[in-house]
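J.: Kindly return the folded structure for what I paste below:
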Amino acid sequence: MVSFIPYLGSFAGLTVATFVAVAQFWPNWPPVLFVPAIFFVGQTVADYVLSPYLVSRRVNLNPVWVMFALFAFGYLFGFVGLLIAVPLAAAIGVLMRFALRHYYASPIYAAMPAASTTDEGKSARSGKAPD
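T.: Coordinates of the predicted model:
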């Protein structure tokens with residue numbers, strides 16, 4: 001429940017895990033120090049690798065775009081920006097895919113000018129007079 005608040009949840013988990021390790025391994029310090037190290041590694045992997053990957057698969061975005069959206073919206077709008085970053089990035093992604101699909105199907109995209117392969121076209125481009 002506390003993990004909803006970004007730093008408070010991690011700090012609470014670290015504190016509880018360390019206190020349990022101290023209660024269990026009291027005279028022996030290496031296992032007590034080993035628990036926070038494992039907690040930091042696990043929390044880092046979960047926050048910076050697993051979460052963007054799983055969220056990006058769910059909203060059909062690249063993990064890099066999810067991270068960029070979180071950074072950009074968090075910087076621009078603060079905590080509220082962090083809350084709306086992923087849904088808004090997903091909506092923008094849907095709109096962009098829709099627009100690109102319609103653009104590729106339109107006559108504007110299909111009507112590309114063909115390159116001239118006649119002798120007149122070659123001589124006009126090269127600056128030489130035709131034979």
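J.: what's near enough to touch P63?
T.: Shown in contact with P63 (Cβ atoms under 8 Å, 6 or more residues apart in numbering): 52-53, 55-56. No exception for glycine: its C-beta is placed from N, CA and C like everyone else's.
J.: any idea how far F25 lies from A105?
T.: 65 Å (Cβ to Cβ, to the nearest Å).
J.: ok, residues contacting stretch 28-42?
T.: Stretch 28-42 has contacts (Cβ under 8 Å, 6+ apart) with 13-14, 17-18, 20-22, 24-26.
J.: scratch that, stretch 79-93 is what I was asking about
T.: 55, 59-61, 65-66, 68-70, 72-75, 77.
J.: what do you get if the cut-off is 10 Å, keeping everything else the same?
T.: 5-6, 52, 55-56, 58-62, 65-77 (Cβ atoms under 10 Å, 6 or more residues apart in numbering).
J.: tell me which residues in that stretch are buried?
T.: 81-82, 85-86, 89-90, 93 (16 or more other Cβ atoms under 10 Å).
J.: May I see those residues organised as TSV, with distance to I38, secondary structure and pLDDT added?
T.: Formatted as TSV, those follow (distance: Cβ to Cβ, whole Å; DSSP: H, G, I helix; E, B strand; the rest coil; pLDDT from 0 to 100):
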residue	distance to I38	secondary structure	pLDDT
G81	32	helix	91
L82	27	helix	86
A85	30	helix	89
V86	28	helix	87
A89	32	helix	91
A90	33	helix	90
G93	36	helix	90
